[in-house]
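Novice: Sequence and computational prediction follow.
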Amino acid sequence: MAETVLSTHRLSRSFGPFKAVDGVSLEIARGTITGLIGPNGAGKSTFFNLLTGALAPDAGTVTLAGQDITGLPPSRLFELGMGRTFQIPRPFARMSVLENVMLAPTGQVGETVWGPFLSRKQMRDQERQIRDKAMEVLEFVTLGALADHPAGKISGGQMKLLELARVLMGDPALILLDEPAAGVNPVLTETLIGKIEELNRQGTTFVIIEHDMDLVMRHCDPIIALSEGRIVFQGSADEAMTDAGLLDAYLGTPLHA
Ligand SMILES: Nc1ncnc2c1ncn2[C@@H]1O[C@H](COP(=O)(O)OP(=O)(O)OP(=O)(O)O)[C@@H](O)[C@H]1O
(Lines give C-alpha, C1' and ligand atoms only; values in the text may rest on other atoms or scores of the structure.)
Protein backbone atom coordinates (compact mmCIF):
# COMPACT_ATOMS: atom_id res chain seq x y z
CA MET A 1 0.00 0.00 0.00
CA ALA A 2 1.23 3.48 -0.86
CA GLU A 3 2.17 5.74 2.02
CA THR A 4 -0.45 8.32 3.00
CA VAL A 5 0.87 11.88 2.89
CA LEU A 6 -2.32 13.71 3.85
CA SER A 7 -5.54 12.48 5.38
CA THR A 8 -8.73 13.97 6.72
CA HIS A 9 -11.12 12.43 9.20
CA ARG A 10 -14.77 13.53 9.18
CA LEU A 11 -13.78 17.06 8.21
CA SER A 12 -16.75 19.43 8.30
CA ARG A 13 -17.51 23.10 7.86
CA SER A 14 -20.85 24.88 7.71
CA PHE A 15 -21.78 28.41 6.77
CA GLY A 16 -24.87 29.09 8.87
CA PRO A 17 -27.15 26.10 8.34
CA PHE A 18 -25.41 25.17 5.07
CA LYS A 19 -22.96 22.27 5.23
CA ALA A 20 -20.28 23.19 2.67
CA VAL A 21 -18.01 20.27 3.69
CA ASP A 22 -19.86 17.45 5.39
CA GLY A 23 -17.81 14.79 7.16
CA VAL A 24 -15.14 14.20 4.51
CA SER A 25 -12.64 11.40 5.28
CA LEU A 26 -10.01 10.68 2.66
CA GLU A 27 -6.39 9.73 2.16
CA ILE A 28 -3.97 11.15 -0.35
CA ALA A 29 -1.25 8.66 -1.33
CA ARG A 30 2.30 9.98 -1.63
CA GLY A 31 3.46 10.35 -5.22
CA THR A 32 0.01 10.73 -6.78
CA ILE A 33 -1.59 13.50 -8.79
CA THR A 34 -5.04 13.32 -7.23
CA GLY A 35 -7.87 15.11 -9.03
CA LEU A 36 -10.60 16.70 -6.91
CA ILE A 37 -13.70 17.32 -8.98
CA GLY A 38 -17.35 18.15 -8.41
CA PRO A 39 -20.01 20.56 -9.63
CA ASN A 40 -19.96 24.26 -8.73
CA GLY A 41 -20.58 24.76 -5.04
CA ALA A 42 -19.66 21.15 -4.17
CA GLY A 43 -17.29 22.36 -1.45
CA LYS A 44 -13.93 21.82 -3.17
CA SER A 45 -12.39 25.23 -2.41
CA THR A 46 -13.79 25.16 1.11
CA PHE A 47 -12.15 21.75 1.55
CA PHE A 48 -8.79 23.19 0.37
CA ASN A 49 -9.25 26.11 2.75
CA LEU A 50 -9.76 23.66 5.62
CA LEU A 51 -6.65 21.69 4.65
CA THR A 52 -4.46 24.75 4.44
CA GLY A 53 -5.57 26.55 7.58
CA ALA A 54 -7.30 29.36 5.69
CA LEU A 55 -10.59 28.29 7.33
CA ALA A 56 -11.14 26.53 10.66
CA PRO A 57 -13.17 23.30 10.56
CA ASP A 58 -16.24 22.89 12.79
CA ALA A 59 -15.27 19.26 13.30
CA GLY A 60 -12.79 16.68 12.10
CA THR A 61 -9.04 16.48 11.70
CA VAL A 62 -6.34 16.96 9.06
CA THR A 63 -3.14 14.89 9.28
CA LEU A 64 0.01 15.65 7.28
CA ALA A 65 2.71 12.97 7.24
CA GLY A 66 1.38 11.54 10.48
CA GLN A 67 1.15 14.90 12.28
CA ASP A 68 -2.16 16.46 13.32
CA ILE A 69 -2.15 19.83 11.56
CA THR A 70 -5.81 20.78 12.10
CA GLY A 71 -6.13 24.53 12.42
CA LEU A 72 -2.44 25.36 11.95
CA PRO A 73 -1.88 28.64 10.10
CA PRO A 74 -0.89 28.57 6.39
CA SER A 75 2.64 29.84 7.10
CA ARG A 76 3.33 26.93 9.46
CA LEU A 77 1.92 24.45 6.93
CA PHE A 78 4.18 25.93 4.27
CA GLU A 79 7.14 25.19 6.55
CA LEU A 80 5.85 21.64 7.04
CA GLY A 81 5.94 21.07 3.30
CA MET A 82 2.44 21.86 2.07
CA GLY A 83 2.00 24.59 -0.52
CA ARG A 84 -1.15 25.79 -2.28
CA THR A 85 -2.17 28.04 -5.12
CA PHE A 86 -5.40 29.99 -5.43
CA GLN A 87 -8.18 29.95 -8.01
CA ILE A 88 -7.55 33.64 -8.68
CA PRO A 89 -3.87 34.60 -8.34
CA ARG A 90 -3.24 37.97 -6.72
CA PRO A 91 0.38 38.90 -7.25
CA PHE A 92 1.74 42.25 -6.07
CA ALA A 93 0.99 43.94 -9.37
CA ARG A 94 3.59 46.71 -9.26
CA MET A 95 6.43 44.48 -8.11
CA SER A 96 8.40 42.50 -10.63
CA VAL A 97 7.79 38.84 -11.29
CA LEU A 98 11.12 38.05 -9.61
CA GLU A 99 10.31 40.15 -6.53
CA ASN A 100 6.98 38.36 -6.17
CA VAL A 101 8.78 35.03 -6.09
CA MET A 102 11.44 36.33 -3.69
CA LEU A 103 8.70 37.39 -1.26
CA ALA A 104 7.33 33.85 -0.96
CA PRO A 105 7.99 32.44 2.47
CA THR A 106 10.84 29.97 2.27
CA GLY A 107 10.91 28.33 5.68
CA GLN A 108 14.49 28.22 6.94
CA VAL A 109 15.97 31.03 4.85
CA GLY A 110 12.97 33.35 5.13
CA GLU A 111 12.76 32.79 8.88
CA THR A 112 16.03 34.47 9.54
CA VAL A 113 16.48 36.84 6.65
CA TRP A 114 15.37 39.97 8.49
CA GLY A 115 16.76 38.72 11.80
CA PRO A 116 18.14 41.53 13.97
CA PHE A 117 21.46 39.83 14.61
CA LEU A 118 22.63 39.40 11.05
CA SER A 119 25.55 41.37 9.73
CA ARG A 120 25.11 43.30 6.51
CA LYS A 121 27.19 40.72 4.74
CA GLN A 122 25.05 37.85 6.05
CA MET A 123 21.93 39.70 4.93
CA ARG A 124 23.39 40.30 1.48
CA ASP A 125 24.37 36.63 1.23
CA GLN A 126 20.90 35.48 2.20
CA GLU A 127 19.25 37.86 -0.20
CA ARG A 128 21.50 36.57 -2.95
CA GLN A 129 20.59 32.98 -2.08
CA ILE A 130 16.89 33.80 -2.23
CA ARG A 131 17.33 35.68 -5.50
CA ASP A 132 19.27 32.77 -7.04
CA LYS A 133 16.66 30.28 -5.94
CA ALA A 134 13.83 32.53 -7.20
CA MET A 135 15.56 32.82 -10.59
CA GLU A 136 16.00 29.06 -10.67
CA VAL A 137 12.29 28.35 -10.05
CA LEU A 138 11.30 31.08 -12.53
CA GLU A 139 13.46 29.42 -15.19
CA PHE A 140 11.85 26.10 -14.28
CA VAL A 141 8.32 27.45 -14.82
CA THR A 142 9.47 29.10 -18.10
CA LEU A 143 9.12 32.68 -16.79
CA GLY A 144 12.83 33.49 -16.60
CA ALA A 145 12.61 36.03 -19.43
CA LEU A 146 9.84 37.90 -17.60
CA ALA A 147 11.70 38.20 -14.28
CA ASP A 148 11.86 42.01 -14.44
CA HIS A 149 8.33 42.57 -15.77
CA PRO A 150 5.70 44.04 -13.45
CA ALA A 151 3.66 41.05 -12.22
CA GLY A 152 0.43 42.93 -12.98
CA LYS A 153 1.30 43.01 -16.68
CA ILE A 154 1.69 39.28 -17.34
CA SER A 155 -1.12 37.07 -18.71
CA GLY A 156 -3.53 35.04 -16.59
CA GLY A 157 -1.75 31.84 -17.56
CA GLN A 158 1.65 33.30 -16.69
CA MET A 159 0.21 34.32 -13.30
CA LYS A 160 -0.66 30.66 -12.67
CA LEU A 161 2.94 29.74 -13.47
CA LEU A 162 4.10 32.54 -11.15
CA GLU A 163 1.92 31.09 -8.38
CA LEU A 164 3.55 27.72 -8.91
CA ALA A 165 6.98 29.37 -8.74
CA ARG A 166 6.08 31.04 -5.43
CA VAL A 167 4.96 27.71 -4.00
CA LEU A 168 8.15 25.99 -5.19
CA MET A 169 10.25 28.39 -3.08
CA GLY A 170 9.16 26.31 -0.07
CA ASP A 171 10.29 22.96 -1.57
CA PRO A 172 6.92 21.44 -0.71
CA ALA A 173 6.35 17.68 -0.67
CA LEU A 174 2.64 18.29 -1.30
CA ILE A 175 1.13 20.96 -3.56
CA LEU A 176 -2.57 21.81 -3.72
CA LEU A 177 -3.62 23.55 -6.93
CA ASP A 178 -7.02 25.27 -7.16
CA GLU A 179 -8.17 25.29 -10.79
CA PRO A 180 -4.74 25.70 -12.39
CA ALA A 181 -6.12 25.60 -15.94
CA ALA A 182 -9.03 28.03 -15.47
CA GLY A 183 -8.64 30.99 -17.83
CA VAL A 184 -5.30 29.71 -19.14
CA ASN A 185 -4.67 29.27 -22.87
CA PRO A 186 -4.06 25.69 -24.07
CA VAL A 187 -0.35 26.23 -24.73
CA LEU A 188 0.36 27.49 -21.21
CA THR A 189 -1.91 24.79 -19.75
CA GLU A 190 0.30 22.18 -21.44
CA THR A 191 3.40 23.91 -20.06
CA LEU A 192 1.91 23.93 -16.57
CA ILE A 193 0.85 20.28 -16.75
CA GLY A 194 4.29 19.34 -18.08
CA LYS A 195 5.90 21.03 -15.06
CA ILE A 196 3.46 19.36 -12.65
CA GLU A 197 4.30 15.96 -14.12
CA GLU A 198 8.03 16.67 -14.02
CA LEU A 199 7.81 17.61 -10.33
CA ASN A 200 5.62 14.58 -9.70
CA ARG A 201 8.24 12.29 -11.23
CA GLN A 202 10.73 13.83 -8.80
CA GLY A 203 8.44 12.87 -5.91
CA THR A 204 6.08 15.81 -5.32
CA THR A 205 2.48 14.86 -4.53
CA PHE A 206 -0.32 16.97 -6.05
CA VAL A 207 -3.99 17.47 -5.33
CA ILE A 208 -5.66 19.41 -8.12
CA ILE A 209 -9.12 20.97 -8.16
CA GLU A 210 -10.06 21.27 -11.80
CA HIS A 211 -13.18 21.63 -13.93
CA ASP A 212 -11.41 20.73 -17.18
CA MET A 213 -12.45 17.08 -17.34
CA ASP A 214 -10.16 16.31 -20.24
CA LEU A 215 -7.18 17.43 -18.18
CA VAL A 216 -8.37 15.56 -15.08
CA MET A 217 -9.03 12.33 -16.96
CA ARG A 218 -5.67 12.41 -18.74
CA HIS A 219 -3.43 13.48 -15.87
CA CYS A 220 -5.04 12.64 -12.51
CA ASP A 221 -5.13 9.29 -10.75
CA PRO A 222 -6.97 8.75 -8.53
CA ILE A 223 -9.96 11.03 -8.96
CA ILE A 224 -12.12 12.05 -6.00
CA ALA A 225 -15.49 13.71 -6.53
CA LEU A 226 -17.38 15.87 -4.06
CA SER A 227 -21.02 16.79 -4.32
CA GLU A 228 -22.90 18.81 -1.72
CA GLY A 229 -19.95 18.56 0.63
CA ARG A 230 -19.62 14.77 0.53
CA ILE A 231 -17.45 12.31 -1.36
CA VAL A 232 -19.54 10.68 -4.08
CA PHE A 233 -16.75 8.92 -5.98
CA GLN A 234 -13.16 7.72 -5.61
CA GLY A 235 -11.39 5.76 -8.31
CA SER A 236 -9.51 5.83 -11.60
CA ALA A 237 -10.39 7.89 -14.68
CA ASP A 238 -11.81 4.79 -16.38
CA GLU A 239 -14.03 4.09 -13.40
CA ALA A 240 -15.09 7.74 -13.24
CA MET A 241 -16.37 7.62 -16.82
CA THR A 242 -18.93 4.97 -16.02
CA ASP A 243 -19.82 5.72 -12.40
CA ALA A 244 -23.54 6.31 -11.96
CA GLY A 245 -23.21 8.34 -8.74
CA LEU A 246 -20.69 10.65 -10.35
CA LEU A 247 -22.80 11.15 -13.46
CA ASP A 248 -25.73 11.94 -11.16
CA ALA A 249 -23.71 14.58 -9.35
CA TYR A 250 -22.93 16.15 -12.70
CA LEU A 251 -26.48 15.90 -14.05
CA GLY A 252 -26.55 17.92 -17.21
CA THR A 253 -22.77 18.21 -17.29
CA PRO A 254 -21.48 15.36 -19.49
CA LEU A 255 -18.07 13.94 -18.65
CA HIS A 256 -15.88 13.94 -21.75
CA ALA A 257 -12.47 12.33 -21.78
N1 LIG B 1 -17.24 32.25 3.31
C2 LIG B 1 -18.41 31.70 2.94
N3 LIG B 1 -19.56 32.13 3.46
C4 LIG B 1 -20.75 31.56 3.10
N5 LIG B 1 -20.87 30.55 2.20
C6 LIG B 1 -19.74 30.10 1.64
C7 LIG B 1 -18.44 30.63 1.97
N8 LIG B 1 -17.51 29.97 1.25
C9 LIG B 1 -18.18 29.07 0.51
N10 LIG B 1 -19.51 29.13 0.75
C11 LIG B 1 -20.54 28.29 0.14
O12 LIG B 1 -20.15 26.95 0.29
C13 LIG B 1 -20.47 26.21 -0.88
C14 LIG B 1 -19.24 25.52 -1.38
O15 LIG B 1 -18.38 26.50 -1.98
P16 LIG B 1 -16.97 26.13 -2.58
O17 LIG B 1 -16.38 27.40 -3.10
O18 LIG B 1 -16.18 25.35 -1.60
O19 LIG B 1 -17.40 25.19 -3.79
P20 LIG B 1 -16.52 24.70 -5.00
O21 LIG B 1 -16.80 23.24 -5.12
O22 LIG B 1 -15.11 25.10 -4.82
O23 LIG B 1 -17.19 25.48 -6.18
P24 LIG B 1 -16.55 26.06 -7.54
O25 LIG B 1 -16.25 24.86 -8.37
O26 LIG B 1 -17.65 26.90 -8.10
O27 LIG B 1 -15.32 26.84 -7.17
C28 LIG B 1 -21.07 27.19 -1.88
O29 LIG B 1 -22.48 27.07 -1.82
C30 LIG B 1 -20.64 28.52 -1.36
O31 LIG B 1 -21.59 29.51 -1.66
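Specialist: Perfect, I can see it now.

Novice: Could I get the full set of strands for the stretch 1-150 of the chain?
Specialist: 4-15, 18-29, 33-37, 59-64, 67-68, 82-84 (DSSP state E, counting those that start in this stretch).

Novice: Mind putting the ones you listed into CSV with mean pLDDT and mean neighbour count?
Specialist: All C-beta spots, glycine's among them, are computed from the backbone N, C-alpha and C. Shown next, in CSV, are these (pLDDT from 0 to 100; neighbours: other C-beta atoms under 10 Å):
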stretch, mean pLDDT, mean neighbour count
strand 4-15, 96, 18
strand 18-29, 96, 19
strand 33-37, 96, 24
strand 59-64, 96, 18
strand 67-68, 95, 10
strand 82-84, 91, 25
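
Novice: List just the one of these that sits closest to residue 194.
Specialist: strand 33-37 (12.4 Å; C-beta to C-beta).

Novice: now the angle between strand 4-15 and that closest one, please.
Specialist: Interaxial angle, strand 33-37 versus strand 4-15 (axes from the mean of the first three to the mean of the last three C-alpha atoms, to 10 degrees): 20 degrees.

Novice: will you turn the strands of the stretch 1-150 of the chain into CSV that also has distance to residue 214?
Specialist: Converted to CSV, those look like this (distance: least, C-beta to C-beta, whole Å):
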stretch, distance to residue 214
strand 4-15, 26
strand 18-29, 22
strand 33-37, 11
strand 59-64, 30
strand 67-68, 36
strand 82-84, 23
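
Novice: Ok, which of the ones you listed comes nearest residue 197?
Specialist: Comparing these by C-beta to C-beta, strand 33-37 comes nearest, at 7.5 Å.

Novice: re the thing from before, so which of the strands of the stretch 1-150 of the chain is nearest residue 223?
Specialist: strand 33-37 (4.4 Å).

Novice: Identify the residues contacting the closest one?
Specialist: 28, 44, 47, 196-197, 200, 205-211, 213, 216, 219-226 (C-beta atoms under 8 Å, 6 or more residues apart in numbering).

Novice: what's around residue 205, how many residues?
Specialist: 24 (other C-beta atoms under 10 Å).

Novice: so who does it touch?
Specialist: By C-beta under 8 Å, 6+ apart, the neighbours of residue 205 are 5, 6, 28, 29, 30, 31, 32, 33, 34, 173, 174, 175.

Novice: What of residue 40?
Specialist: With C-beta under 8 Å, 6+ apart, residue 40 has no contacts at all.

Novice: Show me the contacts of strand 33-37 that map onto helices.
Specialist: Judged by DSSP state H, the contacts of strand 33-37 include 44, 47, 196, 197, 200, 213, 216, 219 as members of helices.

Novice: picking up where we left off before, will you turn the strands of the stretch 1-150 of the chain into a markdown table that also has distance to the ligand?
Specialist: Formatted as a markdown table, the strands of the stretch 1-150 of the chain follow (distance: least, C-beta to the nearest ligand atom, whole Å):
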| stretch | distance to the ligand |
| --- | --- |
| strand 4-15 | 3 |
| strand 18-29 | 4 |
| strand 33-37 | 9 |
| strand 59-64 | 15 |
| strand 67-68 | 23 |
| strand 82-84 | 13 |
